[in-house]
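K.L.:
Sequence first, predicted coordinates after that:
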Amino acid sequence: MLYILTTTGKCNLNCKYCGGSFPENLVPYRIKYNMDLLIGMINSDKNATVVYYGGEPLMNKKFIEEMNSKLNVKRIGIQTNATLVKNLDEKFWNPFNFALLSLDGDENITDKNRGNGVYKKVIESAMYLKNFNKELIARMAITKDSDIYRDVMHIINLNLFDKVHWQLDVIWDERWDVLKFAEENYLPGIEKLMDFFVNNARNGKIIKIVPFLGILSAYYFKKFDYYPCGAGKSSITINSDGRILACPIAVSEEWNVLGEIGKNYKLIGPPEDCLYCPYFGYCGGRCLFSYKERYWGQNGFKDVCYITKKTIDIVLSRSEELNDLINKKILNKNDLYYDPTEDSTEIIP
Ligand code: SF4
Ligand code: SF4
């Protein structure tokens, strides 16, 4: 199980697509439950991964330090805006295996979305964490101002990140013309990124572009039968008020509450509307939150499905070439295996 631990609802930034801190009554800024119950639950799970989440999780470093000193798990990570990382010394970072740092591309686009000076701080943080050999994942938000090829390649060319992942700024933000963006920039950019991926594969190198790895992993290993992030099945969030949630961001929605810490909790079933979609094995329903809330209505949901299907088509259209490389032993098929719940990623942008 992936345990996402919300350390606080407070954030020190106010990014465009997010809106900053959660309301304190929904996501308290301090932990309101008995931590021993949480430690007992996690340590009894032999397959546990823990990821700290917020708000900005580093705004409650005491909780993280105390948890890390008592946890006995296979993997510990954090999703951070990466602006406070350098305030904490190596001792703090020792227990961590990986960190997801928010970065949208170059300085221009990152600072436009996240605030002046943020890009430089994230790069400094990435260099700092690299000194301690932490696995780094760039976590991008793709908006109408993005250029998917330019921005992903910028991050790859930094040579600081082990993996790059992105999410489209859709459904949870105000409606914009994502189909136009998809036709003019996003889908052609995905094709160019896939060219780059395959060209590297010809030399036996896997570029760890998470959406591609996730789709290829479904193709080569096991198809998805649930939302890839696992929310409500193989991933649960412990909110700072002690509620157990399926998805960490749906903090006021009743359908998202699975139970509370110290008691039995329920799980969520698969997305019924998606079960007959021919892309379900590669998409898994994409995102529980979007599936349930549909802020952009049914048409908006369908627009995003269109982009998802095209993305899957582009990735799988190269499978014959990849099969050939595997048969020739230029590529090791096992290197294409990817489990998003090990990294707290989502696969389908
Ligand atoms: S493409 Fe749309 S309908 Fe198909 S599985 Fe994904 S979310 Fe469901
Ligand atoms: S993909 Fe959707 S359901 Fe899963 S964690 Fe992200 S927002 Fe929540």
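P.N.:
Received the coordinates, thanks. Numbers count the residues shown, from 1 in each chain. Ligands and ions are numbered 1, 2, ... in the order given.

K.L.:
strands paired with the longest strand seen in the chain, and their directions?
P.N.:
If you go by DSSP state E, the chain has its longest strand at strand 135-142. According to DSSP bridges, strand 135-142 forms sheet pairs with strand 98-102 (parallel), strand 163-168 (parallel).

K.L.:
buried stuff in the first one?
P.N.:
Right, the one you point to is strand 98-102. 98-102 (16 or more other CB atoms under 10 Å). For the C-beta atoms, the positions are set from N, CA and C on the backbone; glycine is no exception.

K.L.:
And for stretch 276-289?
P.N.:
For stretch 276-289, burial by neighbour count (16+ other CB under 10 Å) applies to 279-280, 282-289.

K.L.:
ok, is that stretch in contact with ligand 1 or not?
P.N.:
Yes. Using CB under 6 Å from any ligand atom, a contact is recorded between stretch 276-289 and ligand 1, made by 277, 279-280, 283, 285-286.

K.L.:
For that stretch, C-alpha coordinates in PDB please.
P.N.:
In PDB, the C-alpha atoms belonging to stretch 276-289 read as follows (Å, rounded to 0.1, in the frame of the first residue of the first chain):
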ATOM      1  CA  TYR A 276     -16.000  -1.100 -21.500                       C
ATOM      2  CA  CYS A 277     -13.600   1.500 -22.900                       C
ATOM      3  CA  PRO A 278     -11.100  -0.200 -25.200                       C
ATOM      4  CA  TYR A 279      -8.300   2.000 -23.600                       C
ATOM      5  CA  PHE A 280      -9.200   1.000 -20.000                       C
ATOM      6  CA  GLY A 281      -6.200  -1.300 -19.600                       C
ATOM      7  CA  TYR A 282      -3.800   1.500 -20.400                       C
ATOM      8  CA  CYS A 283      -5.700   4.400 -18.800                       C
ATOM      9  CA  GLY A 284      -7.400   2.800 -15.800                       C
ATOM     10  CA  GLY A 285      -9.900   5.600 -15.700                       C
ATOM     11  CA  ARG A 286      -7.100   8.200 -15.400                       C
ATOM     12  CA  CYS A 287      -8.100   9.900 -12.200                       C
ATOM     13  CA  LEU A 288     -10.600   9.100  -9.500                       C
ATOM     14  CA  PHE A 289     -11.100  12.700  -8.600                       C
END
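
K.L.:
and that stretch, what's its mean pLDDT?
P.N.:
Mean per-residue pLDDT for stretch 276-289: 97.

K.L.:
Could you list the residues in contact with that stretch?
P.N.:
171-172, 215, 218-219, 223-229, 231-232, 246-247, 249-250, 256, 268, 270-271, 274, 291, 304-305, 308-309, 312, 316, 346-348 (CB atoms under 8 Å, 6 or more residues apart in numbering).

K.L.:
so how far is it off the chain centroid?
P.N.:
From the chain centre to the centre of stretch 276-289 is a distance of 16 Å (CA atoms, centre = their mean, to the nearest Å).

K.L.:
related to what we said a few turns ago, format the strands paired with strand 135-142 as JSON lines; extra columns: mean pLDDT and distance to ligand 2.
P.N.:
JSON lines is the format used below for these (pLDDT from 0 to 100; distance: least, CB to the nearest ligand atom, whole Å):
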{"stretch": "strand 98-102", "mean pLDDT": "98", "distance to ligand 2": "12"}
{"stretch": "strand 163-168", "mean pLDDT": "98", "distance to ligand 2": "7"}
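
K.L.:
related to what we said a few turns ago, filter the buried residues of strand 98-102 by proximity to ligand 1?
P.N.:
Applying CB under 6 Å from any ligand atom to these, none is adjacent to ligand 1.

K.L.:
Quick check: the two most widely separated of these?
P.N.:
Largest separation among the buried residues of strand 98-102 by CB to CB: F98 and S102, giving 14.2 Å.

K.L.:
Which residues of the stretch 201-349 of the chain lie near ligand 2?
P.N.:
Checking the stretch 201-349 of the chain against ligand 2 by CB under 6 Å from any ligand atom, the hits are 227, 229, 231, 247-249, 287-289, 346.

K.L.:
Just confirm L193 is within a strand.
P.N.:
No. Per DSSP: H, G, I helix; E, B strand; the rest coil, L193 lies outside any strand segment and is helix.

K.L.:
hang on, isn't it packed against D151?
P.N.:
No. Using CB atoms under 8 Å, L193 is not in contact with D151, being 10.3 Å away.

K.L.:
Can you tell me what sits against stretch 315-329?
P.N.:
Taking CB under 8 Å, 6+ apart as the rule, stretch 315-329 contacts 190, 194, 197-198, 201-202, 204, 211-212, 215-216, 219, 282, 331-333, 336.

K.L.:
Alright, calling it a day.
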